[in-house]
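K.L.:
Sequence plus predicted model, see below.
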Amino acid sequence: MLIKSVRGNTPSYGLDCFFAENSTLIGDVKIGDEVSVWYQAVLRGDVNSIRIGNRVNIQDGVVIHATFKTASTHIGNNVSIGHNAIVHGCIIYDNVLLGMGSIVMDHCEIGSNSIIAAGSVVTQNTIVPPGTIFAGVPAKKIKDIDPNLQKNEIERIAQNYIMYASWFKE
C-alpha cells in the first residue's frame with residue numbers, strides 16, 4: 001500500500017482494515033474500522049477531505065476523489081463500492097451499494113439503504129432518496145428497494161467483504 005502525505009495531511013485508518021499492496025491513500029483521508037481497500041483502488045485526498053466510516057469495502061480499481069475547496073467526500077458505514085466505480089465530491093450515507101463501474105459526481109447525496117446500479121452515472125447535485133434503486137445514464141429512480149433486497153444484497157455484500165479481507169490477513 002502506498003500512503004502519501006500531501007499539504008500536511010497524512011491518511012489515517014482504524015482497526016482491522018485490509019489494504020491491498022497496490023492500493024493508494026493520499027492526503028486528507030480518514031478511514032474507520034473493518035474497511036477493505038482492494039487492488040489498484042485510489043483514495044486521493046489531496047484537494048479536499050475524504051471521510052470513510054466502518055465496514056466499507058472499496059473494490060478493485062475504485063477512484064475516490066473530491067473537488068478543491070467546494071466538495072469533500074463522505075462515505076458512511078456498511079457501504080460497498082463496486083469494481084471501477086468513481087466517487088467524487090459527494091455524500092454516501094449508510095448501507096449503500098454502488099454497482100460496478102458506477103459514477104457519483106459532485107454534490108450528490110446517496111440516501112441510506114439505496115442501490116446505484118452497475119454502470120450508472122449519478123450526475124452533479126442529484127439527491128437519491130433513502131431506500132431507492134437508481135440506474136441509467138443519467139441515473140434515475142427505478143423503484144423503491146424491497147426490504148429483502150436490502151438484506152440479501154446490501155448487507156450480504158458488505159459482510160462478505162469483511163470475510164474476504166480476513167483471507168488476506170491469515
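P.N.:
All right, it came through fine.
K.L.:
wouldn't Gly76 be in contact with Val96 here?
P.N.:
Yes: the criterion here is C-beta atoms under 8 Å, and Gly76 meets it with Val96 at 7.1 Å. (C-beta placed from N, C-alpha, C; glycine too.)
K.L.:
Pick out whichever of the two has more residues nearby.
P.N.:
Neighbour count, other C-beta atoms under 10 Å: between Gly76 and Val96, Val96 has more, with 26 against 20.
K.L.:
per-residue confidence at that one?
P.N.:
Val96 is assigned 97 on the pLDDT scale.
K.L.:
so what's it up against?
P.N.:
Shown in contact with Val96 (C-beta atoms under 8 Å, 6 or more residues apart in numbering): Gly76, Asn78, Val79, Ser80, Ile110, Gly111, Ser112, Asn113, Ser114, Ile115, Ile116, Ile154.
K.L.:
who's the most centrally placed residue in the chain bridged to?
P.N.:
Taking C-alpha atoms, centre = their mean, the centroid of the chain lies closest to Ile81, which sits 4.4 Å from it. Per DSSP bridges, the residues bridged to Ile81 are Ile58, Leu98.
K.L.:
related to what we said a few turns ago, redo the contacts of Val96 as TSV? Include pLDDT, secondary structure and distance to Pro11.
P.N.:
TSV is the format used below for those (pLDDT from 0 to 100; DSSP: H, G, I helix; E, B strand; the rest coil; distance: C-beta to C-beta, whole Å):
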residue	pLDDT	secondary structure	distance to Pro11
Gly76	98	coil	19
Asn78	97	coil	21
Val79	98	coil	18
Ser80	98	strand	21
Ile110	98	strand	23
Gly111	98	coil	27
Ser112	97	coil	26
Asn113	96	coil	28
Ser114	97	coil	27
Ile115	97	strand	28
Ile116	98	strand	25
Ile154	92	helix	26
